[in-house]
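Asker: take this sequence and fold it.
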Amino acid sequence: MSAAAAPVAASARPARGWRIAPGLALCAAVAAAAYALAAWEQRLFGHPWLEPLVLAILLGAAARNVWSPGARWTPGVEFGAKTVLEIAVVLLGASVSAATLSSLGVFVVVGIFLLVVVGIVVGFALGRALGLTPRMALLVACGNAICGNSAIAAVAPVIDADGDEVAASIAFTAVLGVIVVLALPLLGVLLQMSTLQFGALAGLTVYAVPQVLAAAAPFGPAAAQTGTVVKLVRVLMLGPVVFALSLVAGRRGQESKSQARAPGLHRLVPWFIVGFLVMIGLRSLDLIPQAVLPWLASASGLLTVVAMAALGLQTDIRAVARAGGRVAAAVVLSLAALLALALLLIRLMGL
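Answerer: Numbers count the residues shown, from 1 in each chain. Predicted coordinates for the structure are as follows:
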């Protein structure tokens, strides 16, 4: 590298920091408002009816649907919804020990595997029955059964889905994911579920790993830990599913040098999942000082609230209308089927 090039590279780093600063500050402001509302609820009712995580989503979504943040805010909001969220998940790993992970047992892991497979098959069948193309039906089914937008993004190049199909499936999944986070705790209360049961339900049904934290928050830290571990097993199903689809696509002659190709390893196993597992290992080996654990838990919670504010700021309710009625029906019915399968699995596991 020449001497002239070095200052340019060095100046690029702070430039990116300034680029994300406005949007990230906006997310932090929404998060602060969520904490303030939760504190007001605590003083008025003796306990908060809505957790800061939920309030952050609601406030962010309300702001997004009365005001569309311009290009100045977008980089920071995207950073908050993705990178901040992923860092929060990594830090959460310090709250989970290997004993918690191993407590799932083989039966539970096999049950999650079957839930994902059956969820994909049922979702695909529902999509086809509603008149969706095979590729669109498969995108919706995989998004619901595994991990939402991440699964859609990983599966799309393998089945050679076009941009419109990917955009339509992601648009509705993004909005419905927020609705699930808000509505699932109400279902848990109605069904009088225990902390362990609800944590498992959140892990089996909620789209993204960080959203599990928001959904499980009303049932306490134990529910969030259980949900994250269950969800982790579900996310790890993405690799085998994409591999199986690539084999089917190859046999049907749908692949060419310029068309479908398998995504990279980083798509199948996201870095924050690896980080989450590393933190579990460090905690289990007592390599993290006990005095630090509460600070890590608090940092994870704070970052998650900021990330949920960013998620709300990205939620455009009008995207539901743009996605189309058939896609909407396929996603909702697939999710309902997944929910029913999850409740059955929880009952069979005897949690």
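
Asker: pretty sure Ala330 contacts Ala137?
Answerer: Yes: contact criterion C-beta atoms under 8 Å: Ala330 and Ala137 qualify, at 6.8 Å. C-beta: built from backbone N, CA, C; applies to glycine.

Asker: overlap in contacts of these two?
Answerer: 123, 126-127 (C-beta atoms under 8 Å, 6 or more residues apart in numbering).

Asker: inside helices: which ones of those residues?
Answerer: Of the positions in those, 123, 126-127 sit in helices, assigned by DSSP state H.

Asker: who wins for neighbours among the shared contacts of Ala330 and Ala137?
Answerer: Counting neighbours by other C-beta atoms under 10 Å, Gly127 leads those with 28 neighbours.

Asker: that one reaches Met136, doesn't it?
Answerer: Yes: contact criterion C-beta under 8 Å: Gly127 and Met136 qualify, at 6.6 Å.

Asker: where does the stretch 251-351 of the chain dip in pLDDT?
Answerer: 251-270, 317-324, 351 (pLDDT under 70).

Asker: let's go with 90 and repeat that
Answerer: Counting by pLDDT under 90, the stretch 251-351 of the chain contains low-confidence residues at 251-291, 293-294, 296-298, 300-301, 303-305, 307-332, 334-335, 347-351.

Asker: helices along that one, start to end?
Answerer: Shown for the stretch 251-351 of the chain, the helices assigned by DSSP state H, counting those that start in this stretch span residues 265-268, 271-284, 293-313, 319-323, 325-349.

Asker: could you dump these to JSON lines with distance to Gly70?
Answerer: Conversion of the helices of the stretch 251-351 of the chain to JSON lines gives the following (distance: least, C-beta to C-beta, whole Å):
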{"stretch": "helix 265-268", "distance to Gly70": "30"}
{"stretch": "helix 271-284", "distance to Gly70": "29"}
{"stretch": "helix 293-313", "distance to Gly70": "12"}
{"stretch": "helix 319-323", "distance to Gly70": "18"}
{"stretch": "helix 325-349", "distance to Gly70": "28"}
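
Asker: need the winner for burial among the ones you listed.
Answerer: Mean neighbour counts were compared across these using mean count of other C-beta atoms under 10 Å; the top stretch is helix 293-313, at a mean of 23.
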